[in-house]
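Asker: Got a predicted structure plus its sequence, pasted below:
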Amino acid sequence: MCWLAQIALCIRVNSVRDSLLPTFIMEGRRGEGNVEGEVWKKEGQMKTWNKQGAGVRMVQYRLVYFNLRGRGEPVRWVLTAADQQFEDVRYNKETEWPFKKQEMPYGKVPVLYVDDKPLCQSVAICRYLGHAHGMVVEDPWEIALGDEVADAVHDLLPLAAQIVYAKVANDTEKAKMLATEFYTSTLPPVMRELDRRLEGKEWFCGKKMTWVDVFTACYLSQLSAHHEGSLEAVPNLKALVDKVVKLPQIEKWIKERPDTPM
Ligand SMILES: N[C@@H](CCC(=O)N[C@@H](CS)C(=O)NCC(=O)O)C(=O)O
């Protein structure tokens, strides 16, 4: 066979093969949320074409966390932004967690069960969902910059959580001290850098919204809810948060989600 014919055949075989690779499609109805004690369920499923391209198989998502936003909320946002339905299991920290902890792979939550297979670590979960639902870019450098942004935002969490815990415990003095450190020393360099990354750009990676944008917007929108005006000095970041928060499915989620202190 001449080389031209070989190339033509190769292209044809590859395009047939590519058409058989998994393609994710969404289907279904989001169940009505109902806050009753510790467990709040939204049920549903995702359909995927199998590798042979024949028929469909259902993928079930079950997110296990506490009845809090915390590290579970960005996972909920990425699932919601990707139009995925999920079972939203919320353990009571006092009564259920001591027993459930032993069942978790690392003794921690959130855990996302994908067809009953557990996936741990909130950032890894969001990244996985981004890949599974096309909320990623292809360029390795852009991907790495996105990972960097997500890690920088995630690093803010322990100190921010300590402030909320001190407030919930009515330890005003401690909350004030921690807040001063957080808002004057920890937060400003991060916000400045994130804002700089968005100069002349709509999204953190390439030209499309990725899981990194949703993840970042989730944490920063909560930050601005706790500390009004914290996004005023960073207009690019504020624009990104506004855009994600105004996605119809995210807007609906915020309206309907359980009301929790953090
Ligand atoms: N790096 C992990 C941290 C997981 C983590 O510390 N989870 C906390 C809740 S935010 C937890 O499970 N605490 C209960 C315990 O340690 O018993 C992630 O991002 O998922």
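Answerer: Cool, the structure landed.

Asker: what's the distance between M191 and L157?
Answerer: For M191, the distance to L157 (CB to CB, to the nearest Å) stands at 15 Å. Heads up, the C-betas are built off the backbone N, CA and C, glycines and all.

Asker: Could you check which of those two is surrounded by more residues?
Answerer: M191 (20 against 14; other CB atoms under 10 Å).

Asker: show me where the stretch 51-200 of the chain has strands.
Answerer: In the stretch 51-200 of the chain, the strands defined using DSSP state E, counting those that start in this stretch lie at 56-59, 61-66, 87-91, 111-114, 117-120.

Asker: Could you tell me the least trusted of those?
Answerer: With a mean of 66, strand 56-59 has the lowest mean pLDDT of the strands of the stretch 51-200 of the chain.

Asker: count of residues packed around D213?
Answerer: 26.

Asker: Contacts only, for it.
Answerer: By CB atoms under 8 Å, 6 or more residues apart in numbering, the contact list for D213 reads 203-205, 240, 243-244.

Asker: SS state for it?
Answerer: helix (DSSP: H, G, I helix; E, B strand; the rest coil).

Asker: Against the ligand, how distant is the closest residue to it other than its chain neighbours?
Answerer: Excluding its sequence neighbours, the residue lying closest to D213 (CB to CB, 6 or more residues apart in numbering) is W203, at 5.1 Å. According to CB to the nearest ligand atom, to the nearest Å, W203 stands 23 Å off from the ligand.

Asker: Repeat that for M191.
Answerer: M191 is 21 Å from the ligand, by CB to the nearest ligand atom.

Asker: which residues touch that residue?
Answerer: 230-231, 233-234, 237 are the contacts of M191 under CB under 8 Å, 6+ apart.

Asker: Which strand residues bridge the residue lying closest to K93 once chain neighbours are set aside?
Answerer: Leaving out its chain neighbours, the residue that sits closest to K93 by CB to CB, 6+ apart is F66, at 5.4 Å. With DSSP bridges as the criterion, F66 is bridged to Y91.

Asker: Could you shift the numbering so residue one becomes 25, and keep it that way?
Answerer: Fine by me, first position is 25 from now on; the one you just mentioned is F90.

Asker: Give me the neighbour count for F90.
Answerer: Neighbours around F90, by other CB under 10 Å: 20.

Asker: L247 now?
Answerer: 19.
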